[in-house]
Each structure stands twice: as structure tokens, then as C-alpha cells.
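Novice: pasting a predicted model and its sequence here:
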Amino acid sequence: MPVYFAPGRVNLIGEHTDYNGGFVFPCALDFGTRLTIVPNSERILRFRSTNMPQTVELPAMGPFSPLPDHCWVNYPLGCIAQLVEQVELPSGYDLMYEGNVPLGAGLSSSASIEVVTAYAFNDILNLGLDRTQLALVAQKAEHTFAGVHCGIMDQFVSAQGKPDNAIFLNCDTLQFDYVPLRLENVSIVLTNSHSPHKLDAGTYNQRVSECQEAVRQISRCKPIGRLADLTPSEFQSLQSAITDPVILRRARHVVTEIQRTREAVNALKSNDLTTFGQLMNQSHISLRDDYEVTGRELDTLAQTAWQIDGVIGSRMTGGGFGGCTVSLVKNEAIDTFRQTVSEVYQRETGLQAEFYIARTGDGARRIE
Ligand code: GLA
């Protein structure tokens with residue numbers, strides 16, 4: 001009875017750059033989704049999850065199409081639908097998912113479900129796909145079965161993660177480097193806003209289209225394929241081609257965030273955590289003012305953190321609105337950080353923040 005695991009992720013910097021062909025810098029976490037697979041003779045795919053009440057049963061011979069009402073089974077099903085284009089399933093399977101990624105926290109529980117499914121079926125059916133190909137299968141599942149036109153970051157890091165390393169990924173070429181996280185007396189602290197505001201598929205897809213619109217308008221002056229094709233100084237000289245002020249701000253976030261991500265990785269490689277932290281803070285400000293995906297809850301968390309001694313940097317992570325902030329905090333300041341952030345957050349929003357010390361982990365794998 002094989003058991004597989006794929007992790008969730010936290011992105012350290014490089015937000016909303018992936019679908020623009022830019023850089024991201026995430027790491028895989030040690031929490032994620034476990035999948036136990038047992039063949040059955042009923043020729044049925046039976047999906048169960050410890051986090052969801054309903055069992056979903058589908059004929060194993062397909063054809064597969066998206067299920068209604070945002071059903072979670074769309075994440076695995078979207079992967080299986082692609083893999084069975086190559087080979088027919090030899091039997092039915094009982095699939096049991098057990099996730100410990102906090103749901104709705106923006107830590108990619110859905111990517112971990114997709115990637116663990118793609119990894120497991122690739123193994124069972126001997127398809128020979130590599131980790132990058134599996135990430136692409138998982139991303140396509142999200143596009144076609146969940147309706148979110150996401151970039152590749154979440155699925156890529158869930159497939160390729162490595163403990164104590166972040167991944168510096170070029171989302172255009174999919175070339176990447178592991179960068180050791182030499183943090184010594186500093187921890188990566190995740191603060192869950194438990195905000196009721198979520199980044200829904202509609203708002204996410206709208207940001208994707210706004211970036212495409214920016215590319216279209218800039219291309220009237222200089223043809224480009226994606227916003228990542230522009231350096232910040234080229235953007236300065238071409239920005240007047242963008243007529244709509246909202247589109248201009250969206251594009252400015254993307255171009256400056258790509259540059260910040262490069263600088264942050266260089267800073268980390270030269271052990272300059274102070275610069276890394278300042279770039280995290282600037283990233284949050286740009287997501288707040290130009291990309292407009294933060295909201296009062298995430299702003300309160302980040303802005304409170306910036307005032308605390310021993311906090312090196314703090315920003316929202318993931319898609320935005322709800323979910324988590326990621327902060328680099330000196331170990332001796334963690335207690336004060338928790339206490340101060342909790343108090344201010346509760347007072348300002350009436351909500352209770354939750355804290356996790358992030359531990360990095362491996363990418364998708366068979367565990368039993
Ligand atoms: C979500 C998407 C990613 C990425 C981030 C924002 O997590 O799934 O592809 O776009 O938002 O950086």
C-alpha cells in the first residue's frame with residue numbers, strides 16, 4: 001500500500017511575478033499532503049480526505065471533467081485526467097488524502113494535493129515524467145479543473161523542494177538554483193491572519209489579465225512577450241505607453257518585484273539578511289499600493305511586525321488578501337513578536353492570529 005507526500009510552500013519574495021515570466025524565491029515546508037493509494041477491483045476512483053466530509057466516486061475509465069461547486073476533487077482529478085491520456089488505468093483506486101497544511105492560509109494546500117497525485121500516478125503507472133513535468137501537469141490541473149490561471153511557483157516548489165534551501169526559479173525558462181538558507185539565529189515565522197477575505201479565482205485571474213493588458217499597451221512602443229522582459233529602467237522609459245493608471249501600477253509592481261527578488265537572492269548569498277529583510281518590506285508595500293492584494297488584515301500584521309526590534313523583514317506571502325505573512329525574526333525576539341502582533345492584530349481587526357515557525361522540507365516523494 002504505497003504512501004506518498006508532497007509539501008506546501010512559503011514564498012520568501014517574488015510575488016505575482018511567476019505568471020509574468022519573472023523570478024520567485026519560495027521554499028517547501030515540512031507540512032503538506034499524504035496520499036495513500038490502494039487498488040480496487042471495482043474500477044472506481046474513490047476519493048476521500050480527512051479534511052472533507054464527502055467521498056467522491058467516479059468510474060476509473062473516465063472520461064473526466066471538472067466537478068461542480070469548487071469540489072476539492074478537481075485538484076487530483078485534473079492531474080489524473082492528463083496522465084490517463086498516456087496510459088489507461090489498470091484498475092480502480094481508493095485514494096485517501098491527509099493534509100496538515102492549514103487550509104486557506106495561502107501555503108498551497110491545493111498545489112500539494114495536485115503534486116502528490118501527479119507524483120503517485122507517475123510512479124504507479126511508470127510514466128517516467130520528471131519533477132518539472134509533474135509540476136506542469138499539476139499547474140494545468142489548476143487551470144483546467146479549478147479555473148485558476150496560476151503561475152508555476154506553487155507546484156514547482158512542491159515538486160522540487162529541498163530542506164534548508166529556497167528555490168530561485170526563473171518562471172520563464174524553469175531553470176532554477178537551490179540557495180541555502182543560512183539563517184543561524186533567525187527563524188522564518190508564518191502568521192496566519194485567519195482573515196475571512198480570500199483571493200478568489202476571479203480576482204486572481206483579473207490580475208493576470210491586467211498584466212496581459214500592460215504587455216499589450218507597452219508593445220505598442222516596444223514589442224515584449226511578458227513583463228519580465230523589461231528592466232526597471234526600460235519600464236521607466238516605456239511606462240507612458242500605458243494609458244490606464246491601474247494597469248500602470250500593476251505593471252510597476254511586477255517589474256520592481258522581479259528586480260527585488262534578484263537583489264534579495266544576491267543579498268542572501270552574501271549573508272546580508274538586513275538587505276533581504278528590507279526588500280521583503282518593500283515587496284509588501286508594492287503589493288499593498290500597486291498590486292492591491294493585501295487588505296487591512298495582512299497590512300496590520302506586516303506593519304506591526306516592522307516596528308518590533310529583532311524583526312528583519314515581514315510581508316504577505318502567496319496570492320494575498322487572506323492567508324499568511326512571512327517574517328524573518330531573530331530567535332530572541334520571537335516571544336515579543338508573537339505577543340505584540342497578537343495584541344495589536346486582535347485590537348485592530350477583532351481576529352486571532354496564529355503563528356508557526358516554518359520548517360523547510362523535501363519535495364514530493366514516496367514515504368512508505
Ligand atoms: C498563488 C498562485 C501562484 C502565484 C502566487 C502569487 O499562490 O498559485 O502561482 O501567482 O499566488 O505570487
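Specialist: Noted; the coordinates are in hand.
Novice: just the strands in the stretch 151-300 of the chain please.
Specialist: For the stretch 151-300 of the chain, the strands defined by DSSP state E, counting those that start in this stretch occupy 165-170, 176-180, 186-192.
Novice: dump these to a markdown table, plus mean pLDDT.
Specialist: Compiled in a markdown table, those are given as follows (pLDDT from 0 to 100):
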| stretch | mean pLDDT |
| --- | --- |
| strand 165-170 | 98 |
| strand 176-180 | 98 |
| strand 186-192 | 98 |
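Novice: which one, of those strands, ends up nearest to residue 234?
Specialist: Among these, the nearest to residue 234 by Cβ to Cβ is strand 165-170 (18.0 Å). Quick note: C-beta positions are derived from backbone N, CA and C, even for glycine.
Novice: in its sheet, what does the closest one sit against?
Specialist: Within its sheet, and counting by DSSP bridges, strand 165-170 is paired with strand 23-40 (antiparallel), strand 176-180 (antiparallel).
Novice: isn't residue 153 up against residue 24?
Specialist: Yes. If you go by Cβ atoms under 8 Å, residue 153 and residue 24 touch, sitting 4.6 Å apart.
Novice: which neighbours do these two have in common?
Specialist: 11, 14, 18, 169, 171 (Cβ atoms under 8 Å, 6 or more residues apart in numbering).
Novice: which among those residues gets closest to the ligand?
Specialist: Nearest to the ligand among the shared contacts of residue 153 and residue 24 is residue 18, at 4.8 Å by Cβ to the nearest ligand atom.
Novice: now for residue 59, how many residues are close by?
Specialist: 12 (other Cβ atoms under 10 Å).
Novice: separation between it and residue 89?
Specialist: Separation of residue 59 from residue 89 (Cβ to Cβ, to the nearest Å): 10 Å.
Novice: now for these two: what residues contact both?
Specialist: By Cβ under 8 Å, 6+ apart, residue 59 and residue 89 have these common neighbours: residue 45.
Novice: just to revisit the earlier point, the ligand is nearest to which of the strands of the stretch 151-300 of the chain?
Specialist: Of all those, strand 165-170 sits nearest to the ligand, with 11.0 Å by Cβ to the nearest ligand atom.
Novice: the closest one and the ligand in contact?
Specialist: No. Against the ligand, strand 165-170 shows no contacts by Cβ under 6 Å from any ligand atom, the least distance being 11.0 Å.
Novice: coming back round to it: now tabulate the strands paired with strand 165-170 in JSON lines and tack on mean neighbour count and distance to residue 49.
Specialist: Below are these laid out as JSON lines (neighbours: other Cβ atoms under 10 Å; distance: least, Cβ to Cβ, whole Å):
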{"stretch": "strand 23-40", "mean neighbour count": "22", "distance to residue 49": "9"}
{"stretch": "strand 176-180", "mean neighbour count": "14", "distance to residue 49": "30"}
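Novice: please name whichever of those is nearest to residue 335.
Specialist: Between those, strand 23-40 lies closest to residue 335; by Cβ to Cβ that is 22.2 Å.
Novice: centre of the chain to the closest one, how far?
Specialist: Put simply, strand 23-40 sits 12 Å off its chain's centre (Cα atoms, centre = their mean, to the nearest Å).
Novice: distance between the ends of stretch 184-203?
Specialist: Criterion Cα to Cα, to the nearest Å; first-to-last residue distance in stretch 184-203 is 38 Å.
Novice: just the buried residues of that stretch, please?
Specialist: 186-195, 197, 199, 201 (16 or more other Cβ atoms under 10 Å).
Novice: quick check, that stretch touching the ligand?
Specialist: No. No part of stretch 184-203 sits close enough to the ligand to count as contact by Cβ under 6 Å from any ligand atom; the gap is at least 7.3 Å.
Novice: hmm, back to that, would a markdown table of the strands paired with strand 165-170 with distance to the ligand be doable?
Specialist: Output for the strands paired with strand 165-170, formatted as a markdown table (distance: least, Cβ to the nearest ligand atom, whole Å):
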| stretch | distance to the ligand |
| --- | --- |
| strand 23-40 | 7 |
| strand 176-180 | 15 |
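Novice: make a markdown table out of these and add distance to residue 124.
Specialist: Shown next, in a markdown table, are those (distance: least, Cβ to Cβ, whole Å):
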| stretch | distance to residue 124 |
| --- | --- |
| strand 23-40 | 7 |
| strand 176-180 | 27 |
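Novice: looking at the ones you listed, which is nearest to residue 303?
Specialist: Closest to residue 303 of the strands paired with strand 165-170 is strand 23-40 (Cβ to Cβ; 22.2 Å).
Novice: quick one, helices of the chain?
Specialist: Secondary structure of the chain (DSSP state H): helices at 74-83, 109-124, 131-145, 153-160, 201-218, 232-238, 245-269, 273-289, 295-306, 334-349.
Novice: check what pLDDT whichever residue of the stretch 201-350 of the chain sits closest to the ligand gets.
Specialist: Closest to the ligand within the stretch 201-350 of the chain is residue 319: 3.5 Å, counting by Cβ to the nearest ligand atom. Looking at residue 319, its pLDDT reads 96.
Novice: that one and residue 2: what is the separation?
Specialist: Per Cβ to Cβ, residue 319 is found 32 Å from residue 2.
Novice: and these two? Which one has more around it.
Specialist: residue 319 (23 against 13).
Novice: from residue 357, how far out is the residue nearest to the more buried one when sequence neighbours are not counted?
Specialist: Sequence neighbours aside, residue 199 is the residue nearest to residue 319 in space, at 4.0 Å (criterion: Cβ to Cβ, 6 or more residues apart in numbering). Distance of residue 199 to residue 357, computed by Cβ to Cβ: 25 Å.
Novice: and for the chain, the residue most distant from the center?
Specialist: Distance from the C-alpha centroid of the chain, by Cα atoms, centre = their mean, peaks at residue 41 (36.7 Å).
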